[in-house]
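Colleague: prediction below, plus the sequence it came from.
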Amino acid sequence: MNERTTADLENLRGLIDGVDQQLIHLLRKRLDLVAQVGAVKHSAGLPIYAPQREANMLAKRRREAESMNVSPQLIEDILRRLMRESYQNEKDVGFKQVKPDLGHVVVVGGQGKLGGLFSQMLTLSGYEVRSLDKDDWHKADSLFEGAGLVIVTVPIQMTCELIATQLTQLPKDCVLADLTSIKSEPIEAMLNAHEGPVIGLHPMFGPDVGSLAKQVVVVCHGRQPETYEWLLEQIRIWGARLVEAEPKAHDKSMQLVQAMRHFSSFVYGLNLCNESADIETLLQFSSPIYRLELAMVGRLFAQSPELYADIIFSQPESLNVISDYLKNYTQALALLQQGDKAGFIEQFKAVSTWFGDFASQFQKESRVMLQSVNDMKSD
């Protein structure tokens with residue numbers, strides 16, 4: 001480059017740096033205003049996530065961006081990232097306490113990651129939270145005395161036995177809840193062990209979430225729902241979306257949503273390991289979608305093997321779902337072995353028809369995710 005070109009570039013880059021600094025100041029101002037909104041919402045007991053307000057705001061900003069010849073998707077991406085940051089910050093000011101006269105809360109397994117998350121959220125909402133872990137059972141009677149809510153969050157294989165043997169003498173009006181990923185057996189165990197209110201909850205997220213905004217919590221009713229409606233309202237205030245389900249229907253869905261999916265990821269990772277694949281080489285040749293798939297498989301193996309073994313092995317019926325998956329895989333492999341391209345296309349079209357409008361919806365959603373994955377690449 002000649003000196004004139006270099007000088008022009010430096011001048012333009014300086015101007016861009018100035019604009020970037022203005023953006024940072026504007027972002028800081030927006031975050032401060034959102035914090036004020038959060039404080040008002042918390043004092044009024046309003047959920048931190050207002051889906052209709054968010055949808056209307058994004059639609060308006062998209063129209064405004066388009067009128068200025070700015071990509072609407074660019075503006076939406078920026079605003080969604082800002083809102084995620086805002087949701088994570090909003091909890092720092094605490095939440096309105098729905099039931100001040102509850103008494104204290106006992107989290108059985110409170111030192112675990114999920115138990116710790118719910119302990120934090122309840123504490124931020126003004127409740128007194130006590131943790132009961134494996135070395136604390138000698139003081140269980142004093143911990144349970146006067147408790148208004150007991151939450152069980154221990155490994156799945158321990159849940160029912162613990163409920164049946166350790167939670168039979170809770171205060172009559174105490175709400176007994178669990179957070180396990182299967183619901184039929186734990187709810188039955190709670191109903192048999194405790195004569196008071198019972199509810200099954202399944203948080204459909206990991207303990208590493210920065211905020212409960214937009215997260216899903218499945219609710220399976222047990223007994224006396226009117227006595228724990230406050231708890232559901234409290235979870236809504238945290239920003240989560242509640243989905244009600246019958247325990248058996250929930251467990252059947254989990255065989256597909258969790259057990260089969262996690263097992264498939266396990267086998268995929270196992271195969272890469274046994275093939276001695278070079279991950280760095282795979283990443284060099286990866287498209288954004290493959291990088292995302294590899295990241296999701298790698299994410300599994302960055303976590304507790306005991307946790308995922310519990311999820312996969314907890315329901316014997318999962319074996320049927322996984323076996324059906326293997327059968328379908330074998331049948332699809334036969335098409336390849338036979339060179340039956342026409343049969344493959346026919347099966348592809350059948351599945352596409354089954355997906356219906358969801359196929360195009362998922363294509364649009366994944367396009368945004370893949371662009372984000374590509375942006376994260378450092379080389």
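Modeller: Here it is on my side, so go on.

Colleague: mind checking which helix or strand A177 is in?
Modeller: A177 is part of strand 175-178, with elements assigned from DSSP states H and E.

Colleague: next helix or strand past that strand?
Modeller: Trace forward from strand 175-178 with DSSP H and E and the next one is helix 184-193.

Colleague: hang on, the earlier thing: and the strand holding A177, what does it pack against?
Modeller: Under the contact criterion of 3 or more C-beta pairs under 8 Å, 6 or more residues apart in numbering; DSSP states H and E, strand 175-178 touches strand 147-152, helix 156-166, helix 184-193, strand 198-203. For the C-beta atoms, the positions are set from N, CA and C on the backbone; glycine is no exception.

Colleague: quickly run through the sheet partners of that strand, with directions.
Modeller: strand 147-152 (parallel), strand 198-203 (parallel) (DSSP bridges).

Colleague: would you convert those strands into JSON lines that also reports mean pLDDT and distance to R261?
Modeller: Shown next, in JSON lines, are the strands paired with strand 175-178 (pLDDT from 0 to 100; distance: least, C-beta to C-beta, whole Å):
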{"stretch": "strand 147-152", "mean pLDDT": "98", "distance to R261": "25"}
{"stretch": "strand 198-203", "mean pLDDT": "98", "distance to R261": "15"}
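
Colleague: can I get the ones you listed in TSV with distance to K252 and mean neighbour count?
Modeller: Below are the strands paired with strand 175-178 laid out as TSV (distance: least, C-beta to C-beta, whole Å; neighbours: other C-beta atoms under 10 Å):
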stretch	distance to K252	mean neighbour count
strand 147-152	22	24
strand 198-203	13	24
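
Colleague: nearest to R80, of those strands?
Modeller: Proximity to R80 (C-beta to C-beta) singles out strand 198-203 among the strands paired with strand 175-178, at 22.1 Å.

Colleague: how much space separates V198 from Q224?
Modeller: 8 Å (C-beta to C-beta, to the nearest Å).

Colleague: ok, L270 next?
Modeller: L270 is 46 Å from Q224, by C-beta to C-beta.

Colleague: for L117, find the nearest of the strands paired with strand 175-178.
Modeller: Taking C-beta to C-beta, strand 198-203 is the member of the strands paired with strand 175-178 nearest to L117, at 8.2 Å.

Colleague: who does the helix or strand just after that closest one pair up with?
Modeller: As assigned by DSSP H and E, the chain's next helix or strand after strand 198-203 is strand 216-223. Strand 216-223 has its sheet partners listed here by DSSP bridges as strand 198-203 (antiparallel), strand 241-244 (parallel).

Colleague: tell me the helices and strands packed up against the helix or strand hosting S119.
Modeller: Following DSSP H and E, one finds S119 within helix 113-124. For helix 113-124, the elements it packs on are strand 104-108, strand 129-132, judged by 3+ C-beta pairs under 8 Å, 6+ apart.

Colleague: what's the neighbour count on S125?
Modeller: Each residue near S125 was counted by other C-beta atoms under 10 Å, and the total is 21.

Colleague: residues touching Y329, list them.
Modeller: With C-beta atoms under 8 Å, 6 or more residues apart in numbering as the criterion, no residue contacts Y329.

Colleague: and it, that one's in a helix?
Modeller: Yes: under DSSP: H, G, I helix; E, B strand; the rest coil, Y329 falls within a helix.

Colleague: any idea how far A44 is from it?
Modeller: Distance, Y329 to A44, by C-beta to C-beta: 53 Å.

Colleague: which residue is nearest the middle of the chain?
Modeller: The residue lying closest to the centre of the chain (C-alpha atoms, centre = their mean) is F205, at 2.7 Å.

Colleague: tell me the pLDDT of the residue nearest to that residue when sequence neighbours are not counted.
Modeller: With C-beta to C-beta, 6 or more residues apart in numbering as the criterion, F205 has its nearest non-adjacent residue at 4.6 Å, and that residue is Q215. We note a pLDDT of 94 for Q215 in this prediction.

Colleague: which other helices and strands does whichever strand or helix holds A359 contact?
Modeller: For A359, the element it lies in under DSSP H and E is helix 357-376. Other elements packing on helix 357-376 under the criterion 3+ C-beta pairs under 8 Å, 6+ apart are helix 72-90, helix 288-301.
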